[in-house]
Structures are given as C-alpha cells and as structure tokens.
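Fold the following for me, if possible:
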Amino acid sequence: MKKKIAIVSNLSWNLYNFRLSLMYAMRDAGYEVVAIAPYDRYSQKIIDAGFEFHDIKMNAQGINPIEDMKTTYAFYKLFKQISPDVLCQYTIKPNIYGSFVANILNIKMINNIAGLGTLFIKDGLVTKIAKVLYRISQSKADRVFFQNRDDLKFFIDKGIVRAQKCDVLPGSGVDTNRFRPQYREQGEKVRFLLIARMIWEKGIAEYVQAAREIKKVHPNVEFCLLGFLDVQNPGAITQREMDNWVNEGVINYLGVSDKVDEVIQSADCVVLPSYYREGTPKTLLESGSSGKPIITTDNVGCRDVVDHRVNGFICEPRSSEDLKLKIEMFLELSYEERLEMGRNSREKMKKEFDEKLVINKYLDLLREESVVKPLVASQLLSKV
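Below you'll find the model as predicted:
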C-alpha cells in the first residue's frame, strides 16, 4: 500500500506556487499525495493537477484563540478522516496546531519554518505566546526544516527546538528550467521590479521614496510593483495609497499575475528592501534564476541570495536613502556589467538554490524512513 503524504498550508495559493513541484516529485516517487488548505481559486488548479484536495477552515492572519481552537479541531477531524502516514506542514498555523493534533494521533511530521514573518519583528506578548506554542508543538516533530541559518539559530538558542531534529534547506528552491534568462536589449527604459505581498514590512515605503527621489534625476526610469493587496493583513497597503503613488507617476502597479516568469523578464533589476522575517524569498530565487541582478536588504533570508557587487547589491533595512544609493550604483553600471551581474545570479541559483536540492532532501527523508532518525551533532555544527 502506498504511503499517504499530506501537504498542509494556510493558503492554496502557497501550495500551488511554492509546493507543486515537490508534490509532483513525491507522486512520481510512488507516494499518495493529498493537499490540505483553505479553499481559494488556486485549489481547483491543484485538483486539476490530479491531487486530492481537502478544504480546511483557517484564518491565516487572525490571533483569536477561539478561532484557533476551531482550527485545531478541524485538523483533528480531517487527519482522523484521511489517515496520513506523514504530514509535511508549512506556515505558522499548520506548524503549530497541525502538530498538536499529529502528536495526539501519532502521525509523523516534517515541518518547514519558512520565515518568521511579522510575528518576530517585535518582542511583544503575541511573540512570547508564539514561542511557547512553537516550543510545545515542535517537541514531537520528526524533522523541522528551516530556510536560513538565522532562523535555525534563533529557534535553537531560544530552546524552541532540539538541534538534532533540525536541518536547513535552500529556501523553497527554484525551478531553473522554468525561470531562464532572457536578457533585455540595450537602450530600453531601465525598469526596476518589486514582487511581494503589498505590506509595509516588505519595504514598500522605502522603495516608493527611493523611486520618488531617483525619478527627479532619471525621469525615464520605471519602478514597478507586482503583488496582491493583502487587505486582511494589519500591515497592508490600501488601494487608496497605491492609487496615490500611481497617480503621482512614481509607481507602475502591475496587480497580480500567474505568469511571474514573464513579468520578471520585463525587468532589468529586481528589488526587495524587506525587513520582514523572511525564509528565503522565492521571488528573489526566481529572479536570480532568470538572470536578473538583485538589490535586497541585509536582512534574514534576503542576504543569503546576494553576493554584494557580484550578482547585486545589499542595502540597509528600513533606509530609503541607502536603497536609493544602491539603485544609483546599478544605474551607473554599463550594459555589459549588468549582463554579467545577471549571469552571476543565474549561476548562484543553479548551484545553491535549485529546487531539486529541496526535493531530494524530502525524498531522502521519506525513502530512508529517516523521518525519526536524529541528525548527529556534527551535522549541525556548521549550520549555527
């Protein structure tokens, strides 16, 4: 009988955009793969790809304890119903509440801490509660993957996880076959692109202010934003704010797209001035694989993607002035220097962030039945 693997997230969008290649690989390896997430317009795409899909009610952003108790009970009913052999869980609520239930039902679990988000930017009461919930829920996880060494070290230092159960992945990886270089012609308008959910912590304000200043000197330079207005997020940018920037002539808002690869190809440089607790930003991996120079912050997860002055520039978080400086440095490069920077991005992604590296880690764990086999201490020393 095939082992059943349940892939769990707080958004179907997340599964479709970040986990589909892993799901295909698991299915091709002989596992039965089911998807669990709240139903949205991407759920049908997962079903159309041939995967069993289960809807679960979950407020991804909310912190209401009553609602979270309902989510935990929903996990309990669903896991009892489908009886998975292994859970592969992503995002905060599945990692915490799904793990509580897996402990009760004795289901093996592989959790993925894909960044800490806004929750760990400030050390308030909610953060303290989250640390306790993580510590309890991850105590019985068979493996906890992190997407950068900073988060791994943070969780170990705070006593939230045991080092022997942890490992580091190169983010979610990138499909280097889909995201391939297609270099723009010399002489075209220089176009910068920021791809993210439209929340302040992604450095949107710093990007807009830098754009405003640069366009005073370089009026033909274009600054684009791509990503949905995450109106349920407390740090969301409003439609009115976006409209004001567009009307001012500072920003070209592209909305959302299922063809991110094509949008990336239209840019000369991709920018992410984030101070959000990133895992490893997927958009930067996709942009680098597409042969684009990158400007990002000296921030958790972001700094791992850029070798300063080699495949892009690293700027200070929360500083529109330093971001402006790095954008100006890019504008001063010759066409050939920009191409070389893009080629360096491509090579770095192929070598360090190919999604095959991530997929193989999961498959090796499942195939060798080492889900419960602890890593020896020497394997973790280089990671922290």
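
any low-confidence regions in the stretch 101-250 of the chain?
117-122, 231 (pLDDT under 70).

which stretches of the stretch 51-200 of the chain form strands?
52-55, 86-90, 108-113, 143-146, 166-168, 191-195 (DSSP state E, counting those that start in this stretch).

With respect to residue 287, which of those lies nearest?
Proximity to residue 287, assessed across those by Cβ to Cβ, is greatest for strand 191-195 (7.5 Å). Every C-beta, even on glycine, is put in place using the N, C-alpha and C of the backbone.

Quick one: distance of that closest one to the chain centre.
17 Å (Cα atoms, centre = their mean, to the nearest Å).

Including distance to residue 307 and mean neighbour count, could the strands of the stretch 51-200 of the chain go into JSON lines?
Formatted as JSON lines, the strands of the stretch 51-200 of the chain follow (distance: least, Cβ to Cβ, whole Å; neighbours: other Cβ atoms under 10 Å):
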{"stretch": "strand 52-55", "distance to residue 307": "40", "mean neighbour count": "16"}
{"stretch": "strand 86-90", "distance to residue 307": "28", "mean neighbour count": "26"}
{"stretch": "strand 108-113", "distance to residue 307": "25", "mean neighbour count": "25"}
{"stretch": "strand 143-146", "distance to residue 307": "21", "mean neighbour count": "24"}
{"stretch": "strand 166-168", "distance to residue 307": "18", "mean neighbour count": "20"}
{"stretch": "strand 191-195", "distance to residue 307": "20", "mean neighbour count": "23"}
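
in the stretch 151-300 of the chain, which spans are helices?
Per DSSP state H, counting those that start in this stretch, the stretch 151-300 of the chain carries helices over the ranges 204-217, 239-248, 260-265, 282-289.

Quick one: closest of these to residue 88.
Of the helices of the stretch 151-300 of the chain, nearest to residue 88 by Cβ to Cβ is helix 282-289, at 16.9 Å.

could you dump that closest one to CSV, C-alpha only?
Output of helix 282-289 as CSV, limited to C-alpha atoms (Å, rounded to 0.1, in the frame of the first residue of the first chain):
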residue,chain,number,x,y,z
LYS,A,282,11.0,32.8,-3.6
THR,A,283,10.7,35.9,-5.8
LEU,A,284,14.4,36.6,-5.4
LEU,A,285,15.3,33.0,-6.3
GLU,A,286,13.1,33.2,-9.4
SER,A,287,14.5,36.5,-10.4
GLY,A,288,18.1,35.3,-9.9
SER,A,289,17.4,32.1,-11.9
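
Give me the packing partners of it, helices and strands only.
strand 191-195, helix 260-265, strand 269-272, strand 294-297, helix 335-352 (3 or more Cβ pairs under 8 Å, 6 or more residues apart in numbering; DSSP states H and E).

for the ones you listed, which one sits closest to residue 150?
Nearest to residue 150, of those and by Cβ to Cβ, is strand 294-297 at 12.9 Å.

Give me the contact list for that closest one.
Strand 294-297 is contacted by residues 192, 203, 269-275, 281, 284, 287-288, 302-303, 305-306, 311-317, 323, 326-327, 330, 345 when judged by Cβ atoms under 8 Å, 6 or more residues apart in numbering.

Out of those residues, which end up buried?
192, 203, 269-275, 281, 284, 287-288, 302-303, 305-306, 311-317, 323, 326-327, 330, 345 (16 or more other Cβ atoms under 10 Å).
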